[in-house]
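*Asks:* predicted coordinates and the sequence they were generated for:
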Amino acid sequence: MATLTFPRRCAQLLSNLGRDTSAVAMVEFAFAAPIVLSMGLLGVETANLAVTHMKVSQLAMQVADNASRVGDTEVLTARRVFEDDINETLVGGERLGESLDIFENGRVIISSLQQNPDGGQWIAWQRCRGAKNHPSSFGVEGDGASGFGFLGMGESANRITASPGTAVMFVEVSYTYDPISPLEFFGDTQINYTAAFNIRDNRDLSQIHQTTPASPVANCAVFSSDRPS
């Protein structure tokens, strides 16, 4: 038997490799796997983002509803609202948003929208909780204290206003979306929702009252990752 020379052996080996299809499926999988996995992660991330939008929207509505009901239980006088009542409402919102880590990644803002002495709109008080640096998008405490320059809260096409002798609890929730996949398809997504409820009872609108000893005030100028007591 004639011995093949080195060049002929190399040529035969290359020819055999060219006809060998035993690893074609693995090569195809190697090319397709990143695309398939990315599409799967995108689907999961999209579903999680949609669920997060729903949770933030529900949180805003629940906090506004709760804020519209707070106050002491006196039936013969206008119901007084205390700092403790607002603090408990904000903490309750934090508990509702615990799965989102709403305190670390978000901001909940409660505003009392009322009419000023001139009959215009006025943010009588505003309280906040959450480490996210996000001032209210629709006004701060004291806006509209006199005159008619402040038109109300919310988007201009659907602005909320308060009627005489009552108040609207206007709630804003701003949340920085925390992706569950390492690819971060949606980047630094900001989720913002608002909700508003008219107060349910005859309420003392003159101020937020204090207890003795004084309760902490959920100041909107404070942005801290340390939870207030």
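*Replies:* All right, it came through fine. In this text the structure is predicted, and so the values were computed from the model without any measurement. Numbers count the residues shown, from 1 in each chain.
*Asks:* switch to C-alpha atoms for all contacts and neighbour counts from now on
*Replies:* Will do.
*Asks:* low pLDDT regions in the chain?
*Replies:* Along the chain, the model assigns pLDDT under 70 to residues 1-4, 6, 14, 16-33, 74-76, 224-226, 228-229.
*Asks:* now the strands: where do they sit in it?
*Replies:* Assigned strands in the chain, in chain order: 106-115, 121-129, 168-176, 190-198 (criterion: DSSP state E).
*Asks:* for those strands, give me TSV that also has distance to residue 152.
*Replies:* Compiled in TSV, the strands of the chain are given as follows (distance: least, C-alpha to C-alpha, whole Å):
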stretch	distance to residue 152
strand 106-115	8
strand 121-129	6
strand 168-176	10
strand 190-198	12
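*Asks:* select the longest helix from this protein.
*Replies:* In the chain, taking DSSP state H as the definition, the longest helix is helix 24-67.
*Asks:* which strands or helices does that helix pack on?
*Replies:* The contact analysis (3 or more C-alpha pairs under 8 Å, 6 or more residues apart in numbering; DSSP states H and E) places helix 24-67 against helix 83-96, strand 106-115, strand 168-176, strand 190-198.
*Asks:* CA atoms only for the first one - export them in CSV, please.
*Replies:* Coordinates of each C-alpha in helix 83-96 appear next as CSV, following Å, rounded to 0.1, in the frame of the first residue of the first chain:
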residue,chain,number,x,y,z
GLU,A,83,-49.3,64.2,61.5
ASP,A,84,-49.6,60.7,62.8
ASP,A,85,-52.5,60.0,60.4
ILE,A,86,-50.4,61.2,57.4
ASN,A,87,-47.3,59.3,58.6
GLU,A,88,-49.4,56.1,58.9
THR,A,89,-50.9,56.5,55.5
LEU,A,90,-47.4,56.9,54.0
VAL,A,91,-46.1,53.9,55.9
GLY,A,92,-49.1,51.9,54.7
GLY,A,93,-48.2,52.8,51.1
GLU,A,94,-44.7,51.7,51.7
ARG,A,95,-46.0,48.3,52.9
LEU,A,96,-48.2,48.0,49.9
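*Asks:* pull out the buried residues from that helix.
*Replies:* 83-87, 89-94, 96 (16 or more other C-alpha atoms under 10 Å).
*Asks:* chain center to stretch 79-91, what's the gap?
*Replies:* 21 Å (C-alpha atoms, centre = their mean, to the nearest Å).
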